[in-house]
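K.L.:
mind looking at a prediction? Sequence and model below.
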Amino acid sequence: MERASLRRLLSFRSLISLALAGSLAAASACGDRSSGTSTGAGPSTEAPSASASAATSASASAASTSTDPDPKRGAELVVKFECARCHDGLKRASPIPLPASTAEPVFNIGKPDNQHCFHCHAEILAGRYSGPSPSVTERWKANVEHLREVPSLTGTHQRFRRAWIESFLAKPHDLRPRLAPTMPRLALSPAQIRDIAAFLVPEEKPAADPPAPSKEVVREGRAIFENKGCPACHTMSGTGPLRGGTAPTKGERNLTPAMRLAPDLRHTRDRMAFATIKTWVQKPQSIKSDTLMPETPMSDDDAEKIASFLIGEPLSPEELPKMPTRLPVLERHVSYQELRDRLFNKICWHCHSDEDYAIGDGGPGNTGGFGFTPRGLNLAAYDGILSGSIDDEGERRSIFTPMPDGTPRLVAALVARWLEEAGKEDPAIRGMPLGMPALSAEDVQLVETWIAQGHSPD
């Protein structure tokens, strides 16, 4: 009954974009606009190889005969990689138009053209869509309450440095300490990254930043920043605690959308020019019309000193999460049913679903999407897990096959997500769940124990 209701709710690909919620364009110096919805998190247990990446973007790659970035090719790529399934404001991101045949995804309950993932969450939370029973509806609401915001791309060309967008797409990192999803590591070539960045910032006009501000000006700017109440939403890691602020927690609930979307301001100096920061803190809607950043009354001098604080405050090295320690396999029996309820049909199936159930779309880890080559891996059912995935040569392989170090492929994908959160990556495999917090050491231990015990259906 519950599955049938989900089928009526939306095409499955609108579920999987949770994986991309971290934000391509991210927010400016303060909070960005929320987009919308879907019903879960998104992993994908196969990493597309360089050849797979090229295959999924063949037309754009073929057009890349010039080393110069091309905004028009970038416009084609943001369509190919389906950025608008998560992000609003794509058509307002840049003065360069999207291909004429492209329409931004629409949200329409029960329609197969339902393509905006986060809008669906908003519908569930607003009570405009109900499950087969009140208890199911309440469970859905609890699951998606912290998964409804994603920054819009409106006015990207007015906000960010092109070089920063390139670096962020090449190596995504966590920008929002209170938002659970993050931008995933997509299968983008360096040329594709340059083209997308050129689409988002087609006419970059480098403006020389002013000389480094004096310690006194930085100190005054910090005091103004705190007195204006900015730390109520923002943190700035690498500096001392901000007066009026609280330590952020990943996936915090009971917060306003603006608070959840508020970025860590340590990255502002890399993302924005000084003049942009000054305008942003004074009149954010003049740069980004749909921002949730409030306009706070202040003088030009106050705005300049806040900008000086944001670019001049000394920062200690960034502290990334530490790699968890792999736990030994358990002595107790771990059943398939336990993993099904805890992981496979709660997290993994959103990118590795049964295409027959999901209106022909089994997610990026099964039938493909978001630039990923179809891998044919269905984790929503036991027989799908046993059938494994498709390798680069088009042959089936088991997801339990050991990697060179002996780690089962499925476990290696989960461990690779630990690496990504620690600022590293495994070039042989993409970390899972894609764009979502890594599984705990205890959850990985359950998977590894089940595999070691013979991965039976019992």
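P.N.:
Cool, the structure landed. Residues are numbered from 1 along each chain as shown.

K.L.:
can you tell me which helix or strand of the protein has the lowest average pLDDT?
P.N.:
Within the chain, confidence by mean pLDDT, DSSP states H and E is lowest for helix 50-56 among all helices and strands, at a mean of 38.

K.L.:
is it true that residue 396 touches residue 386?
P.N.:
No: no contact is recorded between residue 396 and residue 386 when judged using Cβ atoms under 8 Å, the distance being 10.5 Å. Every residue, glycine included, has its C-beta placed from N, CA and C.

K.L.:
neighbours of the residue lying closest to residue 176 once chain neighbours are set aside, how many?
P.N.:
Leaving out its chain neighbours, the residue that sits closest to residue 176 by Cβ to Cβ, 6 or more residues apart in numbering is residue 263, at 5.4 Å. A total of 27 residues lie near residue 263 under the criterion other Cβ atoms under 10 Å.

K.L.:
same question, residue 258
P.N.:
Per other Cβ under 10 Å, the neighbour tally for residue 258 reads 20.

K.L.:
check which helix or strand covers it.
P.N.:
For residue 258, the host element (DSSP states H and E) is helix 257-261.

K.L.:
also residue 308?
P.N.:
Assessed by DSSP H and E, residue 308 sits inside helix 300-312.

K.L.:
that helix packs against which elements?
P.N.:
Taking 3 or more Cβ pairs under 8 Å, 6 or more residues apart in numbering; DSSP states H and E as the contact definition, the neighbouring helices and strands of helix 300-312 are helix 215-227, helix 268-271, helix 274-282.

K.L.:
so which of those is the most packed in?
P.N.:
Per-residue neighbour counts averaged over each of those give the maximum for helix 274-282, namely a mean of 22 (mean count of other Cβ atoms under 10 Å).

K.L.:
ok, residues contacting that one?
P.N.:
Outside helix 274-282, the residues within contact range by Cβ atoms under 8 Å, 6 or more residues apart in numbering are 28-30, 158-159, 207, 209-210, 268, 272, 286-287, 293, 295-296, 298, 300, 303-304, 306-307, 310-311.

K.L.:
mind doing that once more with 7 Å?
P.N.:
The contact list for helix 274-282 (Cβ atoms under 7 Å, 6 or more residues apart in numbering) reads 28-29, 159, 207, 209-210, 268, 286-287, 298, 303-304, 306-307, 310-311.

K.L.:
and the angle from that helix to helix 215-227?
P.N.:
Angle, helix 274-282 to helix 215-227, by axes from the mean of the first three to the mean of the last three Cα atoms, to 10 degrees: 30 degrees.

K.L.:
pLDDT on helix 274-282, on average?
P.N.:
In this model, helix 274-282 carries a mean pLDDT of 96.

K.L.:
from the chain's centre, how far out does that helix sit?
P.N.:
Between the mean C-alpha point of helix 274-282 and the mean C-alpha point of its chain there is a distance of 26 Å (Cα atoms, centre = their mean, to the nearest Å).

K.L.:
again with stretch 206-221
P.N.:
What separates the centre of stretch 206-221 from the centre of its chain is 32 Å, taken as Cα atoms, centre = their mean.

K.L.:
any idea how far apart the tips of that stretch sit?
P.N.:
Between the opening and closing residues of stretch 206-221 there is a gap of 24 Å (Cα to Cα, to the nearest Å).

K.L.:
other residues contacting that stretch?
P.N.:
273, 274, 275, 305, 306, 308, 309, 311, 312, 313.

K.L.:
show the buried residues in the residues you listed.
P.N.:
Applying 16 or more other Cβ atoms under 10 Å to the contacts of stretch 206-221, the neighbour count classes 273, 274, 305, 306, 308, 309, 311, 312, 313 as buried.

K.L.:
what comes up buried for stretch 88-95?
P.N.:
Taking 16+ other Cβ under 10 Å as the basis for neighbour counts, the residues of stretch 88-95 that come out buried are 88, 89, 90, 92, 93, 94.

K.L.:
select, from those, the two members most distant in space.
P.N.:
Of all pairs drawn from the buried residues of stretch 88-95, the greatest distance, 14.2 Å, lies between 88 and 94 (Cβ to Cβ).

K.L.:
what helix or strand is residue 136 on?
P.N.:
Remark: residue 136 resides in helix 134-144, with elements defined by DSSP H and E.

K.L.:
now that helix, how far from the centre of its chain.
P.N.:
From the chain centre to the centre of helix 134-144 is a distance of 23 Å (Cα atoms, centre = their mean).

K.L.:
what's the first helix or strand after it?
P.N.:
Towards the C-terminus, the helix or strand next in line after helix 134-144, according to DSSP H and E, is helix 156-159.

K.L.:
ok so residue 118 is a helix residue?
P.N.:
Yes: Residue 118: assigned to a helix according to DSSP: H, G, I helix; E, B strand; the rest coil.

K.L.:
that one contacts residue 150, correct?
P.N.:
Yes: Residue 118 is within contact range of residue 150, at 5.2 Å (criterion: Cβ atoms under 7 Å).

K.L.:
looking at these two, which is more packed in?
P.N.:
Here residue 118 and residue 150 are compared on neighbour count by other Cβ under 10 Å; more neighbours surround residue 150, at 32 against 28.

K.L.:
roughly how far apart are the more buried one and residue 382?
P.N.:
33 Å (Cβ to Cβ, to the nearest Å).

K.L.:
got it, and residue 140?
P.N.:
Applying Cβ to Cβ to residue 140 and residue 382 gives a distance of 25 Å.

K.L.:
who's more crowded, these two?
P.N.:
Neighbours around residue 140 and residue 382, counted as other Cβ under 10 Å, are more numerous at residue 140. The numbers are 23 against 16.

K.L.:
surely the more buried one is in contact with residue 133?
P.N.:
No: distance between residue 140 and residue 133: 10.7 Å, which falls outside the contact criterion (Cβ under 7 Å).

K.L.:
of all the contacts of helix 274-282, which comes closest to residue 222?
P.N.:
Closest approach between these and residue 222, by Cβ to Cβ: residue 306, at 8.5 Å.

K.L.:
gap between the closest one and residue 280?
P.N.:
Using Cβ to Cβ, we find residue 306 at a distance of 10 Å from residue 280.

K.L.:
check residue 331 too.
P.N.:
From residue 331 over to residue 280 the distance is 56 Å, taken as Cβ to Cβ.
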